[in-house]
Structure formats: C-alpha cells, structure tokens
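J.: next comes the sequence, and after it the predicted model I'd like to discuss.
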Amino acid sequence: MRNAWIICRKELRGYFVSPIAYAVIALFALIFGFAFFSELRAFMNYLFRSQMMGGAQPINVNEPIRGMLSFAGTLSLFLVPLIAMRLVAEEKRSGTIELLFTSPISDTSIVVGKWLGAMFLYLAVLFMSALNVTLLFAWGKPDWKPVLVAYLGLILQGGCILAIGTLVSSCTRNQIVAGGAAFFISLGFYLLSWSTEFDSSTFSKVLNYLSLIPHMENFGRGVLSLKDVVFYLSFIFFALFLTLRQFESVRWRS
C-alpha cells in the first residue's frame, strides 16, 4: 500500500503541474455553477408563486439539490475521461512505462496508485459542487443525510468511470484516443438501461443491471442500498483487474 501511495502522489503532482487539473476543475465549476444558479432561480420562482397563490403544501429544499447532483453525475460522464486519459497512455508515449516495469513496485501498486491519484482529483472536482450546495445549508434547512448519500453515489459512479478510463488508457499510447474511447464506453454503460426500458426479457434485465444509471437512482433519492454499493465496488474491482492483466500482457510482449 505504501508503493501505491507513492504512485498516487506522483499522479497528483503530474495533474497539477499540467493544465489538466485546473481546466477540469474550472470547467466543472463553471458549468455546475450555472446549473446551480438556474435550478435555484427556478425553485425560488416556484416558491414565490406558491406563496402568492396561498399554497400551504410544504416544499422540500432537497428537491433542487437532488436535481443538481443528478446533473453533476451526468456532467462527470464527460469530464472524468479527461482525468483518466493520461494515466497510462502518457507513460507509454514518453517511454517512462519501462521505468515503472523495472522498478521494485508491483503492477497492483501501480494500477491502484494511478486510479487513486485520479480519484483524488475527481474528489477535488466534486468539492466545487459541494461549495455551492453548502450555501443552501447556510440559508436553508435541507436534510443533510440524503445529500451525503447522493455524494457517495457520485463518488462510486466516478470511480467506475475512472476505472474504465484506466483500463482504456493502458491499451493505447494516445491520450486523445484513450479519452474518447473511455467516454464512449462509459456512455454505453449509461445507455444500457434506456435501450432495455421497454423490454422485460432476462437478457434485458441483465443489461439493465449492468447500466450505471439504475444503481445511481437510489443514491439520488437518498436511499443507501447495499446491492448498489456492491455493484459499484465490483465494477471498479473488475475494471482494475482487467487493467492489471493488460499490464502483465505488456510485460510479456516486451
């Protein structure tokens, strides 16, 4: 685990030395900030109209938060591949992958360390959304438990996309190809549930289970389900396991 932490810190330094980290964080903060403003304005307009019409129905402040965090999950589908595309592809392009293979660090530590480094950057990206959501806690009284559960879902979902990106990045030396392929593969896992929405066959149910969307729905509602947590963790483990096998394949070919 110590070697994995060394690789993790190396990756984090690499992100913040290059413009990648700042570009991803700034882009996410800009888009999410605009969505936050739009969602909050719509909510305040609804609240104002409800009061003008004498509506006594209580309004849940968690509703706009749920919508914004759902948007953050969709936005991460586009931005997370940008984080993962350089993890291994850059090492191959620059030729430093041979140094890693000849170092006394195991392939498992390399794979886990690189994925953890990308995860920490992803957490920094999510922190920008948390700054906006915190404003609602400062001037309102939303329920914090569903918000924490939703963020746990975002973290697990992002971990899955990063694991896919790590696997794809280990298969090519071109960062653009790695980023594009990771995006389309992640998009495929997103759209699996849509393609089987009106089909009740066993095969469709399997495809729907493999989709990332249905497992995120419970988190978005503030429901912490063990089966959804197990799915995401198993997905991450399997993708990193395939990355490890790819590393071993590269060793044998070289």
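T.: Done, it's in. Residues are numbered from 1 along each chain as shown.
J.: going by C-alpha atoms from here, please, whenever you check contacts or count neighbours.
T.: Noted.
J.: helix, strand, or coil at residue 11?
T.: Taken by DSSP: H, G, I helix; E, B strand; the rest coil, the conformation at residue 11 corresponds to helix.
J.: which residues are in contact with it?
T.: Neighbour list for residue 11: 87, 114, 117-118 [criterion: Cα atoms under 8 Å, 6 or more residues apart in numbering].
J.: possible to save these as CSV with pLDDT and neighbour count?
T.: Shown next, in CSV, are the contacts of residue 11 (pLDDT from 0 to 100; neighbours: other Cα atoms under 10 Å):
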residue, pLDDT, neighbour count
87, 86, 27
114, 90, 26
117, 91, 25
118, 92, 29
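J.: farthest-separated two in those residues?
T.: 87 and 117 (9.1 Å; Cα to Cα).
J.: before we move on, back to that, and the contacts of residue 11, which is closest to residue 202?
T.: residue 118 (35.7 Å).
J.: tell me, how many residues neighbour residue 174?
T.: When neighbours are counted by other Cα atoms under 10 Å, residue 174 registers 17.
J.: likewise the one 5 residues further on?
T.: Here the number of neighbours of residue 179 (other Cα under 10 Å) works out to 24.
J.: distance check, the nearest residue to it once chain neighbours are set aside against residue 121.
T.: Distance criterion Cα to Cα, 6 or more residues apart in numbering; nearest residue to residue 179, sequence neighbours excluded, is residue 85 at 4.6 Å. Per Cα to Cα, to the nearest Å, residue 85 is found 13 Å from residue 121.
J.: what about stretch 66-84, distance to the chain center?
T.: Mean-position distance between stretch 66-84 and its chain equals 6 Å (Cα atoms, centre = their mean, to the nearest Å).
J.: buried residues in it, which are they?
T.: 66, 68-70, 72-73, 76-84 (16 or more other Cα atoms under 10 Å).
J.: cool, and stretch 234-241?
T.: Buried-residue list, stretch 234-241, by 16+ other Cα under 10 Å: 235-237, 239-241.
J.: for the protein, give me the ranges with low pLDDT.
T.: Segments of the chain classed as low confidence (criterion: pLDDT under 70) are 47, 50-51, 53-62, 140, 194-200, 251, 253-254.
J.: ranges for the strands of it?
T.: With DSSP state E as the definition, the chain shows no strands.
J.: what separation is there between the most centrally placed residue in it and residue 202?
T.: In the chain, the residue lying closest to the centroid (Cα atoms, centre = their mean) is residue 158, at 1.6 Å. Between residue 158 and residue 202 the distance, using Cα to Cα, works out to 28 Å.
J.: residue 96 too?
T.: 46 Å.
J.: these two: which is more packed in?
T.: Just comparing residue 96 and residue 202: by other Cα under 10 Å the higher neighbour count belongs to residue 96, 12 against 9.
J.: give me every residue that touches that one.
T.: Counted by Cα under 8 Å, 6+ apart, residue 96 has zero contacts.
J.: phi, psi of it?
T.: Main-chain dihedrals, residue 96, degrees, to the nearest 10: phi -80, psi -10.
J.: residue 225: what's it in contact with?
T.: Here residue 225 is in contact with 218-219 (Cα under 8 Å, 6+ apart).
J.: now residue 212, nearest residue through space, not along the chain?
T.: Sequence neighbours aside, residue 190 is the residue nearest to residue 212 in space, at 5.4 Å (criterion: Cα to Cα, 6+ apart).
J.: the one you found: neighbour count?
T.: Neighbour tally, residue 190, other Cα under 10 Å: 19.
J.: I figured it hits residue 213, correct?
T.: Yes: counting by Cα atoms under 8 Å, residue 190 does reach residue 213; the two are 5.8 Å apart.
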